[in-house]
Structures are given as structure tokens and as C-alpha cells.
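Chemist: need a structure here:
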Amino acid sequence: MSSRPQQRSLKIIKESVKPLHNAEHRRKLVELQKTAEQIIDTISPDVVIEAGFSADALDKAKGLVTSFEQFIKDHKDETSTLLKEKGGIGKAYQLFGEGLWTLLDELNEVLAA
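Modeler: Take a look at the predicted model:
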């Protein structure tokens, strides 16, 4: 005969798996697993094609920083308002598009140097 703690444990287990009796819940779990699953390729490892200094990358970074500096100068009065108002980053994103994130990263690097 089962003891009371064992009966309670069995009841908890049964309750915890009840959602799995629902086919839609099981389908959703499989879907979530597929989106989160990572396949690690150990058969064909990556190969470094090139490593070293890139003058083109440096020129591009300088160009982005210069562009941002010019933007700040041109919009000096608006800049603090732009960053303080709700959606300020949204406005900057409208102006620079996807390049905003790269611009901010590179600006941080320059300022930290």
C-alpha cells in the first residue's frame, strides 16, 4: 500500500503532465523546440580565410563616425531632446536605418579609445 507522501507525489505528477494530454500543447512544444534547437556542425569546421587589419573597414568606420558627428552638429539643438524624448532612438533609427547600431558601436569604440 502506498504511503500518503507517495500518493501526493503521484497526484502532483499526474497534474503536471495533464497539459501534455492536449494535442495542441504538444504541437506547440515541438514547434518551440525546433525554433530553439541549434545544430552544431562538428564534421566541417570553419576555416579562417583572412585575419588582420582592414583599411577598408577602418575607412568605413571613420565615415560612419564623421557622418554621426555631422548629424550632431547639424541638429545640436534637437539632439538632447531627441535622446530624452520617448522614441528618441526610434527617430535616430529613421534617420540612419540599420546603420544606426553599427554607428553607435563604432562611436563607442572611438570614444572609449
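Chemist: Every contact and neighbour count from this point should use C-alpha atoms.
Modeler: OK.
Chemist: tell me the helices in this structure, going along the chain?
Modeler: For the chain, applying DSSP state H gives helices covering 4-17, 23-36, 55-74, 76-84, 88-96, 99-112.
Chemist: now the ones you listed as TSV including mean neighbour count, distance to Pro45 and mean pLDDT?
Modeler: Putting those into TSV (neighbours: other C-alpha atoms under 10 Å; distance: least, C-alpha to C-alpha, whole Å; pLDDT from 0 to 100) gives the following:
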stretch	mean neighbour count	distance to Pro45	mean pLDDT
helix 4-17	11	40	83
helix 23-36	11	22	86
helix 55-74	14	26	85
helix 76-84	12	44	62
helix 88-96	14	36	71
helix 99-112	14	28	76
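Chemist: Make a markdown table out of these and add distance to Ser44.
Modeler: Converted to a markdown table, those look like this (distance: least, C-alpha to C-alpha, whole Å):
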| stretch | distance to Ser44 |
| --- | --- |
| helix 4-17 | 40 |
| helix 23-36 | 22 |
| helix 55-74 | 28 |
| helix 76-84 | 46 |
| helix 88-96 | 38 |
| helix 99-112 | 30 |
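Chemist: of all the ones you listed, which lies closest to Val48?
Modeler: helix 55-74 (17.6 Å; C-alpha to C-alpha).
Chemist: Mind giving me the packing neighbours of the closest one?
Modeler: Where contact means 3 or more C-alpha pairs under 8 Å, 6 or more residues apart in numbering; DSSP states H and E, helix 55-74 is packed against helix 99-112.
Chemist: tell me the angle the helix it packs on makes with helix 55-74.
Modeler: Here the directions of helix 99-112 and helix 55-74 differ by 90 degrees (axes from the mean of the first three to the mean of the last three C-alpha atoms, to 10 degrees).
Chemist: what distance separates helix 99-112 from the centre of its chain?
Modeler: Taking C-alpha atoms, centre = their mean, to the nearest Å, one finds the center of helix 99-112 at 17 Å from the center of the full chain.
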